[in-house]
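Participant: Here's a sequence, model it:
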Amino acid sequence: MLMPSIFSRDLFDDMFDTRFYENSYNGLMKTDVKETENDYRLSIDLPGVKKEDLKAELKDGYLTISATVNSDNDEKDQEGRYIRRERFSGSYNRSYYVGDDITQEDIKARFENGTLTVTVPKKAPAPQIEEKKYIAIEG
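Facilitator: The predicted structure is shown next:
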């Protein structure tokens, strides 16, 4: 409630309570995964991220998407005094298991309007041939 208090809180304590505004980086990298006949398509929401601040890496069967963000939200009144100043700088990443048979060349990615779309082809695992191992019998 926005009422002045005599108990060590004042009007502005409530105004800057996190219930009144939401950090735009909460719930980062929300992802939709769609399966088609030939591939999987990941749609990853990255609002406020620039293409040059994105990285995609494939290692040990895991596709890792990393993003770096620097944002400033400044608001001023008519006389130029600060009412609120907020900044967020940081990086975040998310990994997706795509399988050991997928190579870097197989994966296609496109970044448009704050959404990264990644296409990962389906690959049938290579059939493993059972190798018979015999034990030598002496005698």
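Participant: tell me the contacts of G114?
Facilitator: When contacts are counted by Cβ atoms under 8 Å, 6 or more residues apart in numbering, G114 touches 45-49. Any C-beta I mention is one placed from the backbone N, CA and C, and that applies to glycine too.
Participant: where does this structure have low pLDDT?
Facilitator: Low-confidence segments of the chain, defined by pLDDT under 70: 1-27, 71-78, 82, 85, 88, 125-126.
Participant: circling back to that earlier point, now, of the contacts of G114, which are buried?
Facilitator: Neighbour-count burial (16 or more other Cβ atoms under 10 Å) applied to those gives 46, 49.
Participant: Same list, the contacts of G114, but as a markdown table with distance to I65 please.
Facilitator: A markdown table is the format used below for those (distance: Cβ to Cβ, whole Å):
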| residue | distance to I65 |
| --- | --- |
| D45 | 11 |
| L46 | 8 |
| P47 | 14 |
| G48 | 15 |
| V49 | 10 |
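Participant: Return the member of the contacts of G114 nearest to E105.
Facilitator: Relative to E105, the closest of the contacts of G114 is L46; by Cβ to Cβ it sits at 23.3 Å.
Participant: Next, give phi and psi for the spatially most central residue of the chain.
Facilitator: Within the chain, one residue has its C-alpha closest to the average C-alpha position: by Cα atoms, centre = their mean, that is M29, at 3.2 Å. In this entry, M29 is assigned phi and psi values of phi 50, psi 50 (degrees, to the nearest 10).
Participant: Identify the residue spatially nearest to it, adjacent ones excluded.
Facilitator: In space, and not counting its chain neighbours, M29 is closest to R94: 4.6 Å by Cβ to Cβ, 6 or more residues apart in numbering.
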